[in-house]
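Colleague: only geometry, no sequence info:
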């Protein structure tokens, strides 16, 4: 059924152990990714649409979204399900502005935090909540947002980890409230709090500007130096 | 008067340019650094066999860029943006989640990879410039007396790259004479092993000849003094390594607060230099070794070294400038920050101030 080993909501023992291993697993995963990224600069969290087998969109099902800034601000939404929808597309269709660092990690959601400086202790932590699961039962994502294929009725959780020793989980907003807040299939963003303006950090394209003069000047200087080097070699030969 | 510049000055200048290159991913500045190094090499390289090191290192650098870009396109992290082409995807099992093979290739991710690869390539070019300009055997003459016990190891390490470049020329000429392919992939196959073997053998032969002349011998130094020297030198070198790492790799300290970051850089480096200097001075006092016609360290040497240090200083001190790391998502034309461009051009100074080379040169051993 699922491509992620989602844990079943059951025994109380499981619930007791959960807070202990979840942060550890999260941190381990981050460290592992960091080590991998250091060893092989070209490995990270990428798009990889695994066809989600047996996911049939029930009528009116949407994918919940909770974006918890960790400072009391929470943006929520619900995005109509479509087969093959990834976690990243859920964010984008909910109207959240994303910024990526040069390794492809999501470092800002809705321009939060103010700078794109995610690291091993400050990062957007990514969780899933299975359909019908306990409201606070978030499972740490085993995949990147561009790689994870969502299921109908699921809730995607994002929380900013600001250096806490035990990483927080997203705010426990129940799915029915998220689903009720979706007004149209056009996925208008539903923002429940302030500080989630529409300022986008990654959309200042410069397609107009004409001639990029710095590039021209730089190339001219480099070409002149090259010609000079050639002349020096000829002169000495 | 025509003479050879002190090799230490060339290395300081090249390391300065390399430091500058390591602090930026701006392709315009990186190209400028490589061009400056190339111009100086063209103007002042000797007619020695190792003088082809610059072009050899540039070729290695181009290979680095190509490998980096291809890896990025095939298994790299995907940055959303302008899609250039779509490679066929490979399905990987669940336990390999997090690794992508194939899929869309965007202009943004290729630019990021190319900028990164270019930085490493330019670093290699700076190394090549130092190898082309500095006479390796003269550099060995300048090795401090206290390190003479390590002389053999230092000889092998320092002369390997120049010897390898020299060996490529010799093996290629030999293959050409025999009518074998000396270029392309087929040439490479027959080239690689003899070159590695020759270079290593020549380095070892040089070390052996130094050994026979008294290098690498133990002087009659008391055991305690020797241990103190070794401890001081080792601690100093460790400090130099840690300090240089902190100074050069700005990302190494990204997770640390800025105060600790600066602490890891310069102070550790200075402490390391002091310790190592003390160790060398202590060890050198016990060693009496005369030098035959030592290379002078004169005004040109100071100017050449200062040119390199100036370039590095500007890039390190003004390191926070966003123009050093132009954005690739969104993909915009890189800016040409004037202060950094002007500082890079200071690196051209050695082409003028370094003395002209003597006309006739004897081939080095």
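Modeller: Nice, thanks for sending it over. Remember, predicted model here, so these are calculated numbers, not experimental data.
Colleague: shouldn't residue B:16 be in contact with residue B:314?
Modeller: No: taking C-beta atoms under 8 Å as the definition, residue B:16 is not a contact partner of residue B:314, at 10.0 Å. Bear in mind the C-beta positions are built from the backbone N, C-alpha and C, glycine included.
Colleague: Between those two, point out the one with more neighbours.
Modeller: Taking neighbours as other C-beta atoms under 10 Å in any protein chain shown, residue B:16 and residue B:314 compare with residue B:16 leading, 25 against 19.
Colleague: Now for that one: which residues touch it?
Modeller: Counting by C-beta atoms under 8 Å, 6 or more residues apart in numbering or on different chains, residue B:16 makes contact with B:305, B:307-312, B:347.
Colleague: Report pLDDT for the closest residue in space to residue A:61 that isn't next to it in sequence.
Modeller: Spatial nearest neighbour of residue A:61, chain neighbours left out: residue A:152 (3.8 Å); criterion: C-beta to C-beta, 6 or more residues apart in numbering or on different chains. Looking at residue A:152, its pLDDT stands at 87.
Colleague: Next, residue A:152: secondary structure please.
Modeller: coil (DSSP: H, G, I helix; E, B strand; the rest coil).
Colleague: so it makes contact with residue A:131?
Modeller: Yes: Residue A:152 is within contact range of residue A:131, at 7.2 Å (criterion: C-beta under 8 Å).
Colleague: list residues touching both of those two?
Modeller: The overlap between the contact sets of residue A:152 and residue A:131 (C-beta under 8 Å, 6+ apart) is empty.
Colleague: between those two, who's got more neighbours?
Modeller: Legend: neighbour count by other C-beta under 10 Å for residue A:152 and residue A:131, higher for residue A:152 (20 against 15).
Colleague: gap between that one and chain B?
Modeller: Here residue A:152 is placed at a distance of 21 Å from chain B (C-beta to the nearest C-beta, to the nearest Å).
Colleague: for that residue, phi and psi?
Modeller: phi -60, psi 140 (degrees, to the nearest 10).
Colleague: separation between the residue nearest the centre of chain B and residue B:22?
Modeller: By C-alpha atoms, centre = their mean, chain B has its centre lying nearest to residue B:127, at 3.1 Å. Residue B:127 sits 11 Å away from residue B:22, going by C-beta to C-beta, to the nearest Å.
Colleague: what do you get for residue A:146?
Modeller: When distance is defined by C-beta to C-beta, residue A:146 is 30 Å away from residue B:22.
Colleague: swap in residue B:118?
Modeller: From residue B:118 to residue B:22 the distance is 12 Å (C-beta to C-beta).
Colleague: Neighbour count: these two, which is higher?
Modeller: Using other C-beta under 10 Å as the criterion, residue B:118 and residue B:22 rank with residue B:118 on top: 24 against 21.
Colleague: Identify the residue nearest that one in space, chain neighbours excluded?
Modeller: Computed as C-beta to C-beta, 6+ apart, the closest residue to residue B:118 that is not its neighbour in sequence is residue B:30, at 5.0 Å.
Colleague: Run a quick neighbour tally on the one you found.
Modeller: Residue B:30 has 26 neighbouring residues, counting by other C-beta under 10 Å.
Colleague: what element comes up after the helix or strand where residue B:224 lies heading to the C-terminus?
Modeller: Here residue B:224 sits within helix B:223-248, counting by DSSP states H and E. Next along the chain after helix B:223-248, taking DSSP H and E as the criterion, comes helix B:258-286.
Colleague: okay, the angle between that next one and helix B:223-248?
Modeller: If you take axes from the mean of the first three to the mean of the last three C-alpha atoms, to 10 degrees, helix B:258-286 sits at 150 degrees to helix B:223-248.
Colleague: so does helix B:258-286 get close to chain A?
Modeller: No: Helix B:258-286 is not in contact with chain A by C-beta under 8 Å from any C-beta of the partner chain; minimum separation 12.0 Å.
Colleague: buried set for that helix?
Modeller: Neighbour-count burial for helix B:258-286 flags B:264-265, B:268-269, B:271-272, B:275-276, B:278-280, B:282-284 (criterion: 16 or more other C-beta atoms under 10 Å in any protein chain shown).
Colleague: Can you name the next helix or strand after it?
Modeller: Of the helices and strands lying after helix B:258-286 in sequence (DSSP H and E), the nearest is helix B:299-317.
Colleague: and that following helix, how far out from the chain's middle?
Modeller: Here helix B:299-317 is found 16 Å from its chain centre; the criterion is C-alpha atoms, centre = their mean, to the nearest Å.
Colleague: which other residues reach it?
Modeller: For helix B:299-317, contacts defined as C-beta under 8 Å, 6+ apart pick out B:5-6, B:8-10, B:12-17, B:19-20, B:23-24, B:33, B:247, B:324, B:339-340, B:343-344, B:346-350, B:353-355.
Colleague: mind running it again at 6 Å?
Modeller: B:6, B:9, B:12-13, B:16-17, B:19-20, B:23, B:343-344, B:346-347, B:349-350, B:353-355 (C-beta atoms under 6 Å, 6 or more residues apart in numbering or on different chains).
Colleague: ok, back up a step: the residue lying closest to the residue nearest to the centre of chain B once chain neighbours are set aside - how many residues pack around it?
Modeller: Take residue B:127 and drop its neighbours on the chain: the residue closest to it by C-beta to C-beta, 6+ apart is residue B:57, 5.9 Å away. The local packing of residue B:57 (other C-beta under 10 Å) involves 24 other residues.
Colleague: before we move on, what about residue A:180?
Modeller: So residue A:180, with other C-beta under 10 Å, has 11 neighbours.
Colleague: Backbone dihedrals for it, both of them.
Modeller: Dihedral angles (degrees, to the nearest 10) for residue A:180: phi -70, psi -20.
Colleague: show me what contacts it?
Modeller: Applying C-beta under 6 Å, 6+ apart to residue A:180 gives no contacts.
Colleague: ok, it to chain B distance?
Modeller: From residue A:180 to chain B the distance is 30 Å (C-beta to the nearest C-beta).
Colleague: Look at that residue and report its pLDDT.
Modeller: So, for residue A:180, pLDDT stands at 79.
Colleague: In this structure residue B:34 contacts residue B:124, no?
Modeller: No: taking contacts as C-beta atoms under 6 Å, residue B:34 lies outside contact range of residue B:124: 9.5 Å.
Colleague: which of the two has more neighbours?
Modeller: Neighbour comparison, residue B:34 and residue B:124: the larger count goes to residue B:34, with 28 against 22 (by other C-beta under 10 Å).
Colleague: Surely the more buried one is within a helix?
Modeller: Yes: counting by three-state DSSP, residue B:34 falls inside a helix.
Colleague: if I pick it, what's in contact with it?
Modeller: Listed by C-beta under 6 Å, 6+ apart, the contact set of residue B:34 reads B:122, B:125.
Colleague: if we go to 8 Å?
Modeller: Residues in contact with residue B:34 (C-beta under 8 Å, 6+ apart) are B:21, B:58, B:121-122, B:125-126.
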